Every structure is written in C-alpha cells, then in structure tokens.
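**Q** Fold the following, please.
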Amino acid sequence: MEKITKIIYSNISRGLFEKDKSIYSFLIATSIDRNAGKISPNSWNLLLRGTAAISEESKKKQPPNPFPQNILTDLLADYLWSAEMTEPDVYGGLFQSFAENQEVWLEWC
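**A** Residues are numbered from 1 along each chain as shown. Prediction:
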C-alpha cells in the first residue's frame with residue numbers, strides 16, 4: 001500500500017502546477033491520517049466547515065474572551081470554544097489555560 005501510494009503521488013505530482021502540489025500533499029496526508037483514525041471526523045469537520053452551532057446552554061458557559069481583539073477576536077474565540085466543546089479530549093481546558101497563563105499566551109502570540 002505504501003509503495004502504491006508513493007507511485008501514485010509522484011505520478012500525479014508531475015502533472016500538477018507547482019502552486020497546487022502543497023494542497024495535493026496536504027489532502028493525501030490528511031486522507032491517510034483520517035483512514036488511520038489519527039484525525040477524527042469532528043476535527044476534520046471543524047477544519048473544513050468552521051464552528052459547529054453552539055447551543056444556548058453551551059454559549060452561556062463560554063468564558064469571556066481573555067485577550068485583546070487584535071490578538072483573539074470574538075469570532076475566533078467562538079471558534080475555539082466550539083472546538084473545545086466538540087473535541088474535549090483534544091482542546092479541553094483551552095480557555096482555562098488562556099485565563100491561567102495569559103502572559104505566556106500573549107508572549108506566544
């Protein structure tokens with residue numbers, strides 16, 4: 001399977017414009033990881049479609065945006081909150097980390 005994947009990848013890459021090769025590589029790599037179960041359907045949907053609809057109950061639990069708007073807009077804060085709600089094993093505690101380690105996060109930004 002690995003050899004066939006490499007052959008197909010190299011043959012198709014030869015016919016692509018240079019600007020399209022990175023997109024093609026990304027799609028191949030993520031497809032392999034999705035088939036292997038390394039990328040969950042929820043994470044893939046979050047990447048492709050953006051935030052899921054946040055219920056009113058979940059919206060009430062959402063902490064306020066701890067950063068200035070030039071660092072993290074309210075829209076991006078909603079996106080991160082949605083990620084935390086849909087994939088708690090991966091993103092759980094992100095807002096708590098923002099609040100507890102604000103200086104570290106601001107330095108990182």
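**Q** Can I get the lowest-mean-pLDDT helix or strand in the chain in CSV? Just the C-alpha atoms.
**A** Least confident helix or strand, the chain: helix 56-61 with a mean of 81, by mean pLDDT, DSSP states H and E. Coordinates of each C-alpha in helix 56-61 appear next as CSV, following Å, rounded to 0.1, in the frame of the first residue of the first chain:
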residue,chain,number,x,y,z
GLU,A,56,-27.6,28.4,24.1
GLU,A,57,-26.6,26.3,27.1
SER,A,58,-23.0,26.0,25.9
LYS,A,59,-22.9,29.7,24.9
LYS,A,60,-23.8,30.6,28.5
LYS,A,61,-20.9,28.5,29.8
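**Q** Flag every buried residue along the helix or strand where D33 lies.
**A** Assessed by DSSP states H and E, D33 sits inside helix 18-35. Buried residues in helix 18-35, counting neighbours by 16 or more other CB atoms under 10 Å, are absent. For every residue, glycine as well, the C-beta is placed using N, CA and C.
**Q** what comes up buried for stretch 61-77?
**A** Buried, per 16+ other CB under 10 Å, within stretch 61-77: Q62, N65, P66, F67, L72, A77.
**Q** Tell me the pLDDT of the spatially most central residue of the chain.
**A** Most central in the chain under CA atoms, centre = their mean is L47, positioned 4.8 Å from the mean C-alpha point. For L47, the model assigns a pLDDT of 86.
**Q** That one and K6: what is the separation?
**A** L47 is 25 Å from K6, where distance means CB to CB, to the nearest Å.
**Q** Now name the helix or strand holding the residue nearest to the centre of the chain.
**A** helix 41-49.
**Q** Packing partners of that helix?
**A** Judged by 3 or more CB pairs under 8 Å, 6 or more residues apart in numbering; DSSP states H and E, the packing partners of helix 41-49 are helix 18-35, helix 74-86.
**Q** Can you give the distance of the helix holding D33 from its chain's centre?
**A** 15 Å (CA atoms, centre = their mean, to the nearest Å).
**Q** and A52, what pLDDT?
**A** So A52 comes in at 69 (pLDDT).
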